[in-house]
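**Q** next input, structure requested:
(chains A and B)
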Protein chains: 2
Amino acid sequence: MLYEITVPPMIKMLGNLVHLLEKGENLAAVKKFEPEVLLQSRLAPDQFPLARQIQIACDTAKLGAARLTGKEAPTHSDNEKTFAEFKTRIQSVITYLEKFTVQDFKESETRHISQPRWEGQYLTGKEYVFHHAVPNFYFHVTAAYEILRHNGVEVGKKDYLGPLPFKK
Amino acid sequence: MLYEITVPPMIKMLGNLVHLLEKGENLAAVKKFEPEVLLQSRLAPDQFPLARQIQIACDTAKLGAARLTGKEAPTHSDNEKTFAEFKTRIQSVITYLEKFTVQDFKESETRHISQPRWEGQYLTGKEYVFHHAVPNFYFHVTAAYEILRHNGVEVGKKDYLGPLPFKK
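**A** Below is the predicted model of the structure:
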């Protein structure tokens, strides 16, 4: 179950995030401003800018899958400066996630998940997904969306959700 | 499975949303401005204000559970004006969600889910949860958070996530 709640939706949403960023790049080209201005924009002075929102969305997805399955996650040095570099990072996380299988998550529900800032405390894999990884992941993708929209980028709900697999 | 992905996390996040709104009310009291100013604040001129973000978060949760189980959802008239009224609305959705059981969701994965604007098209219950209800729900809670934070309300990630069930 935890595979289905994390890997395929995160792959889709990271693809949507690339699309949102491309709309930001397009606005910069049309209005002739440096696209990196958007990457340093934020909604509050003590909140992370777009660049960091992208990095955390990527890390939440990457570390979530790694921790739930007991695998190693690829490292990223957080030194991206351009939209092209951020899109490459997102794509590398998508490629990483695509290698996971349902089988990898076989013991994930009861696995003890921790991270350094939790000071030795842990959550079960299932608690980690519902209380931490999923709400955090959508939080950072939405924060990225809101920063873009607040700066005049024409993004809408359809860009955030991506295509829906409608049937007739 | 769909019960676990929707009902308990949405109950928790709606409780967190009440807490976020109370931080907004507190700031208004301290700074002596009308609390309703926050409810009409927005991040872009063509985006919904906080009031509507709360209503849609509520409706996504309420209608999600109702559609997935073939039940009727309670109606809300969208005429809330004060923080107290919005908190009452959120609480009424929490109370509604708390009545659902795993058993209610027995046929939810394959149920055909539609809504008027989809013009006769449908998603299966499972597709609806992953492609629509879950990303939409977190989107609107996060949008509410961002509007508050952008307006100086001291909310942080812990307020958004709520308490984590840590173990030692």
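
**Q** leaving out the residues flanking it, which one is nearest to the residue of chain A found nearest chain B?
**A** Distances between chain A and chain B by CB to the nearest CB are smallest at A:Y138, namely 3.4 Å. No exception for glycine: its C-beta is placed from N, CA and C like everyone else's. Ranked by CB to CB, 6 or more residues apart in numbering or on different chains and with sequence neighbours excluded, the top spatial neighbour of A:Y138 is B:Y138, at 3.4 Å.

**Q** which pLDDT value goes with the residue of chain A closest to chain B?
**A** Per-residue confidence (pLDDT) for A:Y138: 98.

**Q** where does it fall, secondary structure wise?
**A** helix A:134-150 (DSSP states H and E).

**Q** after that helix, next one along is what?
**A** helix A:157-161.

**Q** and that following helix, average pLDDT?
**A** 97.

**Q** buried ones in that helix?
**A** By 16 or more other CB atoms under 10 Å in any protein chain shown, the buried positions in helix A:157-161 come out as A:159-161.

**Q** overlap between those residues and the residues near chain B?
**A** A:160-161 (CB under 8 Å from any CB of the partner chain).

**Q** check whether the longest helix seen in chain A contacts chain B.
**A** Among the segments of chain A that qualify as a helix by DSSP state H, the longest is helix A:2-31. Yes: applying CB under 8 Å from any CB, one finds helix A:2-31 touching chain B at A:4-5, A:8-9, A:12-13.

**Q** residues touching the residue lying closest to A:T101 once chain neighbours are set aside, list them.
**A** Leaving out its chain neighbours, the residue that sits closest to A:T101 by CB to CB, 6+ apart is A:Y3, at 7.5 Å. Shown in contact with A:Y3 (CB atoms under 8 Å, 6 or more residues apart in numbering or on different chains): A:100-102, A:104-105, A:108.

**Q** ok, and the closest non-adjacent residue to A:V129?
**A** In space, and not counting its chain neighbours, A:V129 is closest to A:L2: 5.2 Å by CB to CB, 6+ apart.

**Q** so what's the one you found up against?
**A** Contacts for A:L2 were tallied using CB under 8 Å, 6+ apart; they are A:68, A:105, A:108-109, A:125-126, A:129.

**Q** state the distance from the residue lying closest to A:K168 once chain neighbours are set aside to A:G162.
**A** The shortest distance from A:K168 to any non-neighbouring residue, by CB to CB, 6+ apart, is to B:Q121 (5.7 Å). Separation of B:Q121 from A:G162 (CB to CB, to the nearest Å): 16 Å.

**Q** also A:M10?
**A** From A:M10 across to A:G162, the span is 12 Å (CB to CB).

**Q** kindly report the same for A:P45.
**A** 31 Å.

**Q** more neighbours: those two, which one.
**A** Higher neighbour count among A:P45 and A:G162: A:G162, with 15 against 6, using other CB atoms under 10 Å in any protein chain shown.

**Q** quick test: name the residue nearest the centre of chain A.
**A** Centroid-nearest residue in chain A, with CA atoms, centre = their mean: A:A57, separated by 2.6 Å.

**Q** and the closest residue to that one other than its chain neighbours, what does it touch?
**A** Ranked by CB to CB, 6+ apart and with sequence neighbours excluded, the top spatial neighbour of A:A57 is A:H140, at 3.9 Å. Listed by CB under 8 Å, 6+ apart, the contact partners of A:H140 are A:53-54, A:56-57, A:60.

**Q** quick revisit: okay, the residue nearest to A:T101: pLDDT?
**A** Looking at A:Y3, its pLDDT stands at 98.

**Q** on that earlier part again, restricted to helices, list the contacts of A:L2.
**A** Using DSSP H, the contacts of A:L2 in helices are A:68, A:125-126.
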